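# Show me the folded form of this:
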Amino acid sequence: MTQIPKRLRAIYCPMSEPTFYLLLLMQEPNYGYSIIQEASDLTGGEVVFSPGTLYGGIKKLLADGLIQLDHAENRRKLYILTELGEALLKIEKRRILRLCANAQGEAYRD
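Down below sits the predicted model:
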(Lines give C-alpha, C1' and ligand atoms only; values in the text may rest on other atoms or scores of the structure.)
Protein backbone atom coordinates (compact mmCIF):
# COMPACT_ATOMS: atom_id res chain seq x y z
CA MET A 1 0.00 0.00 0.00
CA THR A 2 1.19 3.50 -0.81
CA GLN A 3 2.52 5.48 2.15
CA ILE A 4 0.60 8.72 2.58
CA PRO A 5 2.62 11.56 4.10
CA LYS A 6 1.14 12.94 7.33
CA ARG A 7 0.88 16.41 5.77
CA LEU A 8 -1.30 15.12 2.93
CA ARG A 9 -3.38 12.95 5.24
CA ALA A 10 -4.09 16.04 7.36
CA ILE A 11 -5.13 18.02 4.27
CA TYR A 12 -7.22 15.38 2.49
CA CYS A 13 -8.71 13.21 5.25
CA PRO A 14 -11.60 13.81 5.37
CA MET A 15 -11.87 15.08 1.82
CA SER A 16 -14.00 17.95 0.56
CA GLU A 17 -16.76 16.99 -1.84
CA PRO A 18 -15.21 18.85 -4.82
CA THR A 19 -11.85 17.16 -4.21
CA PHE A 20 -13.58 13.78 -3.98
CA TYR A 21 -15.22 14.27 -7.37
CA LEU A 22 -12.02 15.53 -8.97
CA LEU A 23 -10.18 12.39 -7.87
CA LEU A 24 -13.11 10.10 -8.64
CA LEU A 25 -13.38 11.45 -12.17
CA MET A 26 -9.65 11.12 -12.82
CA GLN A 27 -9.46 7.38 -12.25
CA GLU A 28 -9.26 7.29 -16.05
CA PRO A 29 -7.68 10.09 -18.11
CA ASN A 30 -10.02 13.07 -18.05
CA TYR A 31 -10.01 16.78 -18.87
CA GLY A 32 -11.56 19.92 -17.42
CA TYR A 33 -14.81 20.44 -19.31
CA SER A 34 -15.66 16.74 -19.11
CA ILE A 35 -15.07 16.77 -15.35
CA ILE A 36 -17.43 19.74 -14.97
CA GLN A 37 -20.17 17.91 -16.89
CA GLU A 38 -19.67 14.51 -15.23
CA ALA A 39 -19.63 15.92 -11.68
CA SER A 40 -22.87 17.78 -12.34
CA ASP A 41 -24.47 14.68 -13.90
CA LEU A 42 -23.39 12.35 -11.07
CA THR A 43 -24.68 14.68 -8.36
CA GLY A 44 -27.87 15.89 -10.00
CA GLY A 45 -26.39 19.36 -10.30
CA GLU A 46 -25.36 19.63 -6.65
CA VAL A 47 -21.63 19.75 -7.37
CA VAL A 48 -20.91 22.36 -10.00
CA PHE A 49 -17.36 23.43 -10.76
CA SER A 50 -16.62 26.90 -12.03
CA PRO A 51 -13.56 27.02 -14.27
CA GLY A 52 -11.61 28.79 -11.51
CA THR A 53 -12.49 26.20 -8.89
CA LEU A 54 -11.77 23.34 -11.26
CA TYR A 55 -8.39 24.54 -12.48
CA GLY A 56 -7.37 25.72 -8.99
CA GLY A 57 -8.19 22.24 -7.71
CA ILE A 58 -6.26 20.60 -10.53
CA LYS A 59 -3.26 22.82 -9.81
CA LYS A 60 -3.31 21.87 -6.11
CA LEU A 61 -3.73 18.15 -6.83
CA LEU A 62 -0.80 18.30 -9.28
CA ALA A 63 1.39 20.11 -6.74
CA ASP A 64 0.52 17.56 -4.05
CA GLY A 65 1.27 14.63 -6.38
CA LEU A 66 -2.27 13.20 -6.38
CA ILE A 67 -2.73 13.53 -10.14
CA GLN A 68 -0.43 13.85 -13.12
CA LEU A 69 -0.71 14.92 -16.72
CA ASP A 70 -1.55 11.79 -18.73
CA HIS A 71 -1.38 13.35 -22.18
CA ALA A 72 -2.64 16.24 -24.27
CA GLU A 73 -5.11 16.11 -27.15
CA ASN A 74 -5.06 19.32 -29.15
CA ARG A 75 -5.62 21.98 -26.46
CA ARG A 76 -7.03 19.55 -23.88
CA LYS A 77 -4.86 18.30 -21.04
CA LEU A 78 -5.95 14.94 -19.67
CA TYR A 79 -5.09 14.14 -16.07
CA ILE A 80 -5.06 10.84 -14.20
CA LEU A 81 -4.60 9.73 -10.59
CA THR A 82 -1.20 8.79 -9.28
CA GLU A 83 -0.75 5.90 -6.83
CA LEU A 84 -0.95 8.45 -4.02
CA GLY A 85 -4.20 9.86 -5.39
CA GLU A 86 -5.64 6.35 -5.69
CA ALA A 87 -4.68 5.57 -2.10
CA LEU A 88 -6.34 8.72 -0.75
CA LEU A 89 -9.47 8.13 -2.84
CA LYS A 90 -9.68 4.57 -1.48
CA ILE A 91 -9.49 5.86 2.10
CA GLU A 92 -12.25 8.38 1.40
CA LYS A 93 -14.48 5.82 -0.30
CA ARG A 94 -14.13 3.56 2.74
CA ARG A 95 -15.02 6.48 5.05
CA ILE A 96 -18.13 7.30 3.01
CA LEU A 97 -19.26 3.65 3.01
CA ARG A 98 -18.84 3.57 6.79
CA LEU A 99 -20.91 6.74 7.14
CA CYS A 100 -23.66 5.33 4.92
CA ALA A 101 -23.77 2.05 6.85
CA ASN A 102 -23.85 3.87 10.18
CA ALA A 103 -26.58 6.23 8.96
CA GLN A 104 -28.73 3.14 8.31
CA GLY A 105 -28.05 1.79 11.78
CA GLU A 106 -25.54 -0.80 10.62
CA ALA A 107 -21.97 -1.46 11.65
CA TYR A 108 -19.49 -1.05 8.80
CA ARG A 109 -17.67 -4.19 7.73
CA ASP A 110 -14.78 -3.73 5.29
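# all strands in the chain, in order from the N-terminus.
In the chain, strands defined by DSSP state E lie at 67-73, 76-81, listed in chain order.
# Comparing those strands, which comes out most buried?
Highest mean neighbour count of the strands of the chain: strand 76-81, a mean of 18 (counted as mean count of other Cβ atoms under 10 Å). (Each C-beta comes from the backbone N, C-alpha and C, glycine too.)
# any residues touching that strand, and which ones?
With contacts defined as Cβ atoms under 8 Å, 6 or more residues apart in numbering, strand 76-81 is touched by 23, 26-33, 58, 61-62, 66-72, 89.
# Take the strands of the chain and lay them out in CSV including distance to Leu8.
Output for those, formatted as CSV (distance: least, Cβ to Cβ, whole Å):
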stretch, distance to Leu8
strand 67-73, 13
strand 76-81, 14
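# Just put these in CSV and tack on mean pLDDT.
Output for the strands of the chain, formatted as CSV (pLDDT from 0 to 100):
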stretch, mean pLDDT
strand 67-73, 95
strand 76-81, 97
